[in-house]
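Asker: I need the structure of the sequence given here:
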Amino acid sequence: MIEEIKQKLKQHHELYRFPVKAELWEDIYDQVINSGSIGWDMGNHNVGTDVVSKGVRYQNKAGNIDLKNGTITWSGHRTTKHKTIDEKVNFISENHCDKYVMLARNKDEWERGIKKYYLLIFDSSLIDYSKLQWSEYLSKEGYVSGWKGESIEQPFSAKIIKTMSDQLWTEAKLDYLGIPIEIVINNDTEFFKYKE
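Answerer: Got it, this is the predicted structure:
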């Protein structure tokens with residue numbers, strides 16, 4: 001599977017300088033795990049599930065890895081239709097998928113011209129938003145910007161940001177989720193370097 005993902009990413013970057021994320025990542029992953037069958041509902045916006053294979057529901061994400069702090073951050077559901085924080089937490093805590101499939105990047109590396117992806121697959125049960133204590137947080141101007149969920153017992157935290165359609169953002173410790181596979185892209189003749 002890793003070799004096929006590498007080849008798809010290589011093909012992408014032979015044409016585009018823009019990184020693979022969102023629907024492009026969903027499409028690549030579906031082509032690999034479903035052997036190119038036409039089963040992926042492109043751009044379906046189903047809640048929490050992007051690709052299904054052999055009954056397993058995958059949610060594909062393009063997160064950001066912070067190498068200094070050993071964390072990964074990704075965006076999730078928009079929750080504007082759920083009015084109270086209790087309703088929002090109940091919604092985001094539902095079982096929307098079985099596994100997360102991250103194709104993350106470190107923004108500092110890309111700004112320095114190092115094109116590297118971090119592939120990370122983990123069970124969605126590792127992130128249970130109901131285990132966090134939720135409270136409002138204030139902007140610099142003093143108004144409520146959204147809600148934050150934190151817990152000293154949990155190796156992840158989350159925010160729901162009002163100005164972004166009440167979108168969920170999650171930050172988790174990498175050592176809790178697993179060791180990502182590094183896929184490095186170069187623009188020279190040795191286009192791909194792969195390191196576990």
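
Asker: residue contacts, Ala178?
Answerer: Not quite, residue 178 is Gly, not Ala. By CB atoms under 8 Å, 6 or more residues apart in numbering, the residues touching Gly178 are Leu120, Ile121, Phe122. The C-beta positions use only the backbone N, C-alpha and C, and glycine is treated the same way.

Asker: Let me see the contact set for the spatially most central residue of the chain.
Answerer: Centroid-nearest residue in the chain, with CA atoms, centre = their mean: Lys61, separated by 2.9 Å. Contacts for Lys61 (CB under 8 Å, 6+ apart) come out as Trp25, Trp74, Ser75, Tyr100, Val101, Met102, Leu103, Ala104.

Asker: at 7 Å what do you get?
Answerer: Trp74, Tyr100, Met102 (CB atoms under 7 Å, 6 or more residues apart in numbering).

Asker: And Ala22, by the same measure?
Answerer: Counting by CB under 7 Å, 6+ apart, Ala22 makes contact with Ala62.

Asker: just the buried members of the contacts of Lys61?
Answerer: Buried by 16 or more other CB atoms under 10 Å: Trp74, Tyr100, Met102, out of these.

Asker: need the contacts of Gly178 in JSON lines with secondary structure and pLDDT, can you?
Answerer: Formatted as JSON lines, these follow (DSSP: H, G, I helix; E, B strand; the rest coil; pLDDT from 0 to 100):
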{"residue": "Leu120", "secondary structure": "strand", "pLDDT": "97"}
{"residue": "Ile121", "secondary structure": "strand", "pLDDT": "97"}
{"residue": "Phe122", "secondary structure": "strand", "pLDDT": "97"}
